[in-house]
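Participant: sequence? don't have it. structure:
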């Protein structure tokens, strides 16, 4: 399914990243003014995170932590660094610490939900995202509803997923991932005509379908007895994505598309 938060999706590093810091000897790094030093260290760390320079990001975050170990943004940035360096226990520890310090920060919870989803903890990801979408002023609320739907799909809560996707689509009618997921969730709910409507809308807007798009097309064509469409999608799936999970699923259900 098209629900991999490449944590571009929906689940990319959502922390606001500032521009590159060009000097280490800024006047902000002044021990006589801890708050300015903290702001400088956090800004520098975010810049290094944007460059995927984890070592220098950690160095500045250690400085920030020594100034104020109760700053939620510092703990969030540390969590993102550790998430990207594969130190997942430390990442989770800092995410939880950040939320304990600032539980109202929707962006923070959204980033934590992305982490939880990537780790396979869909239930807690859903819980965090339910809190995120409560913030009506959160600027990425449409994406949070989409992510909530994705988590619920993993939990096979299809009615709840449909509701979340429909809310997301109301806020952003151009999002192809939302449109596709509505097609998928209506298929799972057995509402095949609605699934086909959203699938057609998705298919008309993409230059080339993904593997999961073709797999859904095959299943819908099968439901409506459209032998030619099913064969066409199957051939495209085999030729374009022969190593995909979707093609393996096709083979297990229908056999090899070349036969």
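Facilitator: Cool, got the structure. Just so it is clear, the structure is predicted and the values come from calculations on it, not from any experiment. Numbering: from 1, shown residues only.

Participant: quick one: buried residues of stretch 111-130?
Facilitator: Neighbour counts over stretch 111-130 (16 or more other Cβ atoms under 10 Å) mark 111-118, 121-122, 125-126, 128-130 as buried. Every C-beta, even on glycine, is put in place using the N, C-alpha and C of the backbone.

Participant: again, but for stretch 176-185
Facilitator: Applying 16+ other Cβ under 10 Å to stretch 176-185 flags 177, 178, 179, 180, 181, 182, 183, 184, 185 as buried.

Participant: And the contacts of that stretch?
Facilitator: By Cβ atoms under 8 Å, 6 or more residues apart in numbering, the residues outside stretch 176-185 that reach it are 1-3, 9-10, 146, 149-150, 153, 158, 161-162, 165-166, 168-169, 172, 194-199, 201-202, 205-206, 212-213, 216, 220.

Participant: measure stretch 202-219 end to end?
Facilitator: One end of stretch 202-219 to the other measures 15 Å (Cα to Cα, to the nearest Å).

Participant: Next, the buried residues of that stretch.
Facilitator: If you call a residue buried by 16+ other Cβ under 10 Å, then stretch 202-219 has these buried ones: 202-203, 209-219.

Participant: Could you tell me which of these belong to helices?
Facilitator: Under the assignment DSSP state H, these contribute 202, 203, 211, 212, 213, 214, 215, 216, 217, 218, 219 to helices.

Participant: Tell me who's in contact with the third one.
Facilitator: It stands for residue 211. Residues in contact with residue 211 (Cβ under 8 Å, 6+ apart) are 237, 240, 241, 244, 245, 246, 247.

Participant: Near the closest residue in space to residue 158 that isn't next to it in sequence, how many other residues are there?
Facilitator: In space, and not counting its chain neighbours, residue 158 is closest to residue 188: 4.8 Å by Cβ to Cβ, 6 or more residues apart in numbering. Neighbourhood size, residue 188 [other Cβ atoms under 10 Å]: 16.
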